[in-house]
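Peer 1: Kindly return the folded structure for what I paste below:
(chains A and B)
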Amino acid sequence: MSNVKAEDTRREGFDQIGKPIPRKEDARLLRGKGTYVDDIEIPGALHACFVRSPYAHARIAGFDLDEARGMPGVVVVITGHEINEWTNGLRMAPPIEGLLPTEMTTLPVDKVRFHGDPVVCVVATDRYLAEDAAELVYVDYEVLDAVASYEAALAEGAPLVDETLTTNLVSHQTFEAGDIARRKAEAHRIVEAKFAMQRMTHLPIETRGCIALWDDGREHLTMHIGSQAPHPMRSALAGRLKLAEHQVTVASPDVGGGFGQKIIVYREEITVAALARHLKRPVRWREDRLENLSASLQARENTVRTCAAVDKEGRILSLEAEIMEDFGAYCFYPANYLARVIGMILTGPYRIQDYAFEVKIALTNKCGAGPMRAPMAITSLVMDGTLDAVARELDLDPAEVRRVNMLRPADLPYLMPTGERLEDVTPSECFERGLEEIDYAGFRVKQAADRESGIYRGIGICNVVESTTYGSAFYKAAGIPGSGHEAAWVKVEPSGSIRASAGLMGTGQSYETPYAQAVAEGLGVDAAQVDILLGNTDIAPYGMGARGGRGATAGGGTLFLTALDLKAKMLDIAAALLDLNSASELEMKGGKVLRHVGGEWSETGLGLGDIARTAYLDPLKLPEGMQPGLEMHRAWDPPQMTYSNATHICQVTLDPATGRIDIDRYLVVEDCGTVLNPLVVDGQQQGATVMGIGGVLFEHMVYDESGQNLCGTLADYMIPTACEAPVIEIIGQHTPNRRTPAGIKGMAEGGIMGAIGAVNNAVNDALRPFGVVADRQPLSPDYIRSLLRGAAR
Amino acid sequence: MSKLPIRLTVNGDSHEVSVEPRKLLSDVLREDLRLTGTHVGCEHGVCGACTVLVDGAPTRACLIFAIQMEGREITTVEGLTPAEGLSPLQQALHEEHGLQCGFCTPGIVTTFEAYLRENPDPTEADIREVLAGNLCRCTGYQNIVRAIGKAAKAMREGATT
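Peer 2: Here you go, the predicted structure:
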């Protein structure tokens, strides 16, 4: 029996896929009966607490741990001198041209590189006692000059963040397609623009944390830890702890948000695991909010300068982009990873072939950076913001400039200048629908009238092409190590009960319900019958985890294909039981086997239970050569990339006296292909859009010039509350992808890309009468006022 | 620091526990009483995940010591949940997809079970203003607001029938 092919599974009219089924996980979470890491009771577990650097950059001259060691309840106080003996460091040296190799130990022993760098671990019988003892740890520091910005890091004679390198420029790549010089010579105008996003952090409401259990008899580590990618985390843990993969189980319980922060294994978690093994006692750690804000992963902080050569209608003849990023002190990811994707997909839904980009990544004395929901977040702002800059300089309408550059249906499939293939996307359809829904022309009339009476309104458009599911071919093309495949199994048990698993783990994405729908669709049963098991590496197949927008396509798609394979086996069994030569006339629906005879479907009297019973308990009735049981496993590697697209349009009112921005209306027209569960998809898009709005208007991880983190509480690092979050109107007009199972494309990051662009573009539209442009975020009242004061002078 | 015996009334049940006077109510509920529905998100009173009811009023369990709670009635999400099924508010949150990761949810349930008792017919602006005391990073709040409005309506109709 051959596997069902993904491209053969797109069709009209699904039975289970596409239903707005409320979530399975809600019952336990609403009743307070979820199981997050810190809810797991482990008798006798010790508690770890980390002592962290108060400086951004300092040499460690020595430790005095005696007083802490003498405190009540303290079991061990330990530094990198021991931990680094028991564990391997992290070498980040993929074969990428222009990327310098880096290496870090589990805990630093020679110098600290950022405010919050962990240096000592205290383990005591409870968390309060561990924190008491941590207060009495003395570390002798010799303070060094710090670099706290991209510019400072690359200045002549700047202190080196990583002294094994000769520069802070840790990664530098270039790309060019077409003939930029020629296009510039032909151009009517050269338009330059700049876009800067501030440093941010993911801020899951549940901080990080873990429990390490070492079974000294079996020599086995069980790690309870909230993880988006349990299997890759297990491999990393095993490697860092000098264990074989089979000696580690990662068990991820309910997870209180991840957004990219809970993919990798961190130094604290390796330390906790190493201590559990050393002490032969369970050790647990719960990160507090100060640690989460200062020493978990951070993100964004990139600046992009563009230079567009344009003709009189605003048509882009060539585009150059300089992408710069402040990556912080340590490379937990390849430093080019995020910026490279921005470069690869920057041209989005526009017809551009002459294109060049340059990526420059600097190390600084700040917390390490990595992917955060929409790692390529700035992309759509840069592209649509550049078109707005063109419109401003040529005094054209911003919508018209988009229109002349936009890919039309006849242009598809379209090969972007980077070789990325755009197909089954609908940018012009979403764009035109958005303009119509929001009454763009009407708004312009009202805007002009209101300006006369001192009301400053703006409208911003952002056309998003969202890279959702990264296939292995994309990683290879982008020069980034990694696989894009996913794995799944589906089992029908002797009683007919159904269980399925995949390698992804949800951190709030609601996987359990849409995955049950994908499996149910494939098998021909009801979603309520399907139990989805995720997060435990002893149960789940080895898959690449939850990242990007791959949950539906890679996870749901692979489960759907696996279920289809299993259904084929079940129908073969049904054919044998019905004395038919083949199953070609049979189908399963609602758990019943139907037969197509005389142009009609009729019941055969056989059902899922009969087939399951036969497969397990009466195998002599199976077709010759068929193995007993109903278990199917398979993997699937998505196409190089799947793209969803959307148009975000936002209307704002700006108060020039205070710099306050109010969002009056927010519209999204979205095409994310076949939708597994529209309730979940709307929820993801609302959440992503509001997270993007938080980034544009409020969030800012502030460091001072000496590298001190100034955001230690949630009163300093502000995310949107219910009062700042607008209603997000969503219109779905979905086009299935032809290369993926069921036509799924994926989504959940595009909302961030769209919001970052639409809100910023709207504010710049409102600022137009003042002749100023906001080119960095957040668009705080302070910043807007500073622009307006400059304009007044 | 030595432990002291204290008596706590939680969800109608009386418990005797021995705790240090400095131990937070949130930690005592979670660790000593194993009521882990009360979540801890910031330990400085901003996120609202640890909200419980003290004598019926929403209170941050991370900002008070358990020892201060003697003689008071504490209610957690477990105490607001019917033995079977869901409360009207929980049911509305389920139907309207008003939760994603679910970590902030118990704090929202406790806050609005109390609020809707005193304010049975809130406007959307009222709901948003009260909800601003609970941070949610997943949902964008839209479905939570809708669910609370729906629950208020269901509770009003339930009260009149």
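
Peer 1: Can you report how many residues lie near A:Glu313?
Peer 2: A count of nearby residues for A:Glu313, using other CB atoms under 10 Å in any protein chain shown, gives 14. For glycine as for every other residue, the C-beta is placed from the backbone atoms N, C-alpha and C.

Peer 1: Okay, strands next: where are they in the stretch 201-350 of chain A?
Peer 2: All strands of the stretch 201-350 of chain A, identified by DSSP state E, counting those that start in this stretch, fall at A:209-215, A:220-225, A:248-251, A:283-286, A:298-300, A:302-310, A:316-326.

Peer 1: Same list (these) but as TSV, adding mean pLDDT, distance to A:Ala441 and mean neighbour count.
Peer 2: Below are the strands of the stretch 201-350 of chain A laid out as TSV (pLDDT from 0 to 100; distance: least, CB to CB, whole Å; neighbours: other CB atoms under 10 Å in any protein chain shown):
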stretch	mean pLDDT	distance to A:Ala441	mean neighbour count
strand A:209-215	98	53	23
strand A:220-225	98	53	23
strand A:248-251	98	55	22
strand A:283-286	98	55	24
strand A:298-300	97	35	26
strand A:302-310	98	24	24
strand A:316-326	98	24	23
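
Peer 1: buried ones in stretch A:764-771?
Peer 2: For stretch A:764-771, the buried set under the neighbour-count rule, 16 or more other CB atoms under 10 Å in any protein chain shown, comprises A:Asn764, A:Asp765, A:Ala766, A:Leu767, A:Phe770.

Peer 1: May I have it exported as PDB, CA atoms only?
Peer 2: C-alpha atoms of stretch A:764-771 as PDB (Å, rounded to 0.1, in the frame of the first residue of the first chain):
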ATOM      1  CA  ASN A 764       2.700  58.500   9.200                       C
ATOM      2  CA  ASP A 765      -0.400  59.300   7.200                       C
ATOM      3  CA  ALA A 766      -1.800  61.300  10.100                       C
ATOM      4  CA  LEU A 767       1.600  63.100  10.500                       C
ATOM      5  CA  ARG A 768       1.700  64.100   6.800                       C
ATOM      6  CA  PRO A 769       0.400  67.700   7.400                       C
ATOM      7  CA  PHE A 770       3.300  68.200   9.800                       C
ATOM      8  CA  GLY A 771       5.900  67.100   7.300                       C
END
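
Peer 1: Please work out the average pLDDT along that stretch.
Peer 2: The average pLDDT within stretch A:764-771 is 97.

Peer 1: Then stretch A:551-568?
Peer 2: What stretch A:551-568 shows for mean pLDDT is 97.

Peer 1: Can you add distance to chain B and give the strands of the stretch 201-350 of chain A back as a markdown table?
Peer 2: Shown next, in a markdown table, are the strands of the stretch 201-350 of chain A (distance: least, CB to the nearest CB, whole Å):
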| stretch | distance to chain B |
| --- | --- |
| strand A:209-215 | 10 |
| strand A:220-225 | 14 |
| strand A:248-251 | 17 |
| strand A:283-286 | 8 |
| strand A:298-300 | 14 |
| strand A:302-310 | 22 |
| strand A:316-326 | 23 |
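
Peer 1: Tabulate those (JSON lines), appending distance to A:Val669.
Peer 2: Below are the strands of the stretch 201-350 of chain A laid out as JSON lines (distance: least, CB to CB, whole Å):
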{"stretch": "strand A:209-215", "distance to A:Val669": "40"}
{"stretch": "strand A:220-225", "distance to A:Val669": "39"}
{"stretch": "strand A:248-251", "distance to A:Val669": "39"}
{"stretch": "strand A:283-286", "distance to A:Val669": "42"}
{"stretch": "strand A:298-300", "distance to A:Val669": "26"}
{"stretch": "strand A:302-310", "distance to A:Val669": "25"}
{"stretch": "strand A:316-326", "distance to A:Val669": "23"}
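
Peer 1: about what we covered before: from the buried residues of stretch A:764-771, pick the one nearest A:Pro778.
Peer 2: Within the buried residues of stretch A:764-771, the smallest distance to A:Pro778 is 14.2 Å, found for A:Asn764 (CB to CB).

Peer 1: isn't the closest one right up against A:Ala774?
Peer 2: Yes. Using CB atoms under 8 Å, A:Asn764 is in contact with A:Ala774, at 5.7 Å.

Peer 1: Identify the residues contacting residue 32.
Peer 2: If you meant another chain, say so; for now it's chain A. Applying CB atoms under 8 Å, 6 or more residues apart in numbering or on different chains to A:Gly32 gives the contacts B:Leu35, B:Thr36, B:Gly37, B:Thr38, B:Thr76, B:Val77, B:Glu78, B:Thr81, B:Pro106, B:Val109.

Peer 1: I was thinking of chain B, sorry if that wasn't clear
Peer 2: B:Asp32 makes contacts with B:His15, B:Val17, B:Val19, B:Ala66, as judged by CB under 8 Å, 6+ apart.

Peer 1: ditto for A:Asn761
Peer 2: Counting by CB under 8 Å, 6+ apart, A:Asn761 touches A:Leu381, A:Asp384, A:Gly385, A:Asp388, A:Pro398, A:Gly458, A:Gly460, A:Ile461, A:Cys462, A:Cys650.

Peer 1: Of the residues you listed, which belong to helices?
Peer 2: In helices, defined here by DSSP state H, the members of the contacts of A:Asn761 are A:Leu381, A:Asp384, A:Gly385, A:Asp388, A:Pro398.

Peer 1: near chain B, which of those residues show up?
Peer 2: Restricting the ones in helices among the contacts of A:Asn761 to those within reach of chain B (CB under 8 Å from any CB of the partner chain) leaves nothing.

Peer 1: Can you name the two of those that sit furthest apart?
Peer 2: Counting by CB to CB, the most remote pair of the ones in helices among the contacts of A:Asn761 is A:Leu381 and A:Pro398, 13.5 Å apart.

Peer 1: So for the two, which sits in the more crowded spot?
Peer 2: The neighbour comparison of A:Leu381 against A:Pro398 (other CB under 10 Å) goes to A:Leu381, with 29 against 22.

Peer 1: per-residue pLDDT, that one?
Peer 2: 98.

Peer 1: repeat for B:Glu129
Peer 2: If you check B:Glu129, the pLDDT there is 98.

Peer 1: ok, it - contacts?
Peer 2: Listed by CB under 8 Å, 6+ apart, the contact set of B:Glu129 reads A:Ala722, A:Cys723.

Peer 1: thinking again about what came up before, what would the ones in helices among the contacts of A:Asn761 look like in JSON lines with distance to A:Ser453?
Peer 2: Putting the ones in helices among the contacts of A:Asn761 into JSON lines (distance: CB to CB, whole Å) gives the following:
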{"residue": "A:Leu381", "distance to A:Ser453": "30"}
{"residue": "A:Asp384", "distance to A:Ser453": "29"}
{"residue": "A:Gly385", "distance to A:Ser453": "29"}
{"residue": "A:Asp388", "distance to A:Ser453": "25"}
{"residue": "A:Pro398", "distance to A:Ser453": "23"}
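
Peer 1: So which of the contacts of A:Asn761 is the closest to A:Gly80?
Peer 2: A:Leu381 (40.4 Å).
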